[in-house]
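Mind looking at a prediction? Sequence and model below.
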Amino acid sequence: MSGKPVLHYFNARGRMECIRWLLAAAGVEFEEKFIERPEDLEKLRKDGKLMFEQVPMVEIDGMTLVQTRAILNYIATKYDLDGKDVKERALIDMYAEGIADLSEMMGQLVVTPPDQKEAKIALIKDRTKNRYLPAFEKVLKSHGQDYLVGNRLTRVDIHLLELLLYVEEIDSSLLAPFPLLKALKSRLSNLPNVKKFLQPGSQRKPPIDEKALEEAKKIFKLS
Ligand SMILES: N[C@@H](CCC(=O)N[C@@H](CS)C(=O)NCC(=O)O)C(=O)O
């Protein structure tokens with residue numbers, strides 16, 4: 001055992017990517033065991049490692065953790081990327097849920113039937129431009145600080161950076177009207193751990209392709 005956290009998921013972003021991002025930002029090296037066949041998932045279930053028979057699952061510090069938010073909370077607390085008091089943590093949770101809502105809409109895009117894709121993309125762009133990015137720009141403007149909460153790096157800055165990169169994948173012009181978010185993005189991208197994770201060859205995952213999506217559907221028995 002190397003002592004590094006071991007991440008169990010398939011070789012794609014999905015629900016594990018935010019966990020990879022948070023570990024990387026904290027400067028924590030991790031191993032990945034990819035689920036490549038239905039039997040890999042069955043084995044984890046049979047071994048009693050998946051409390052709700054689902055992944056992501058992370059083996060860390062002698063624990064077998066499931067549930068994305070619980071895993072993120074543990075990592076953030078352990079590596080001092082959570083709020084310093086109960087009010088900061090409430091803001092972090094609130095912002096993180098907003099980020100998760102938009103990320104979820106984006107994540108659904110890959111399983112949206114082709115005839116509904118255009119409408120879905122239009123809705124995502126509308127929500128991005130008119131709801132979520134203005135809300136975060138306003139937070140930065142109102143306190144004039146370099147980070148979203150408590151004037152220091154927290155997990156929610158990392159979640160937001162990940163989201164901004166996905167926004168740019170959909171339409172690189174969407175960020176243009178938000179100077180403070182653009183500045184935050186470049187500041188965060190230059191943090192040494194983040195910079196390293198942004199380099200080609202890191203454990204960061206590209207957008208899922210059709211073939212990988214079909215394989216994942218088979219593994220998770222989705223139609
Ligand atoms: N609330 C859980 C949801 C996990 C989840 O839905 N995982 C999917 C893969 S992304 C899964 O394992 N699906 C198989 C199943 O539900 O049987 C979390 O956030 O971790």
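The structure has been received and is ready for your questions.

where does the chain have low pLDDT?
The chain contains residues with pLDDT under 70 at 1-2, 222-223.

Close to the ligand: what parts of it are there?
Residues of the chain found near the ligand, taking Cβ under 6 Å from any ligand atom as the criterion, are Gly14, Arg15, Glu53, Gln54, Val55, Pro56, Gln67, Thr68, Phe220. All C-beta spots, glycine's among them, are computed from the backbone N, C-alpha and C.

Give me the neighbour count for the second one.
The reference is to Arg15. The tally of other residues near Arg15 (other Cβ atoms under 10 Å) stands at 18.

in the chain, which spans are helices?
With DSSP state H applied, the chain shows helices at 17-25, 38-46, 68-78, 86-108, 114-127, 133-143, 155-170, 179-189, 192-198, 210-219, listed in chain order.

Give the buried residues for the second one.
When you say that, I think you mean helix 38-46. By neighbour count on 16 or more other Cβ atoms under 10 Å, the buried set for helix 38-46 is Asp40, Leu41, Leu44.

likewise the third one?
Buried positions in helix 68-78, judged by neighbour count with 16+ other Cβ under 10 Å: Thr68, Ile71, Leu72, Asn73, Tyr74, Ile75, Ala76.

And the buried residues of helix 38-46, which is closest to the ligand?
For those, the closest approach to the ligand (Cβ to the nearest ligand atom) belongs to Leu41, at 7.6 Å.

Just give the closest residue to that closest one, not the sequence neighbours.
On the basis of Cβ to Cβ, 6 or more residues apart in numbering, the spatially nearest residue to Leu41 that is not a chain neighbour turns out to be Ile35, at 5.2 Å.
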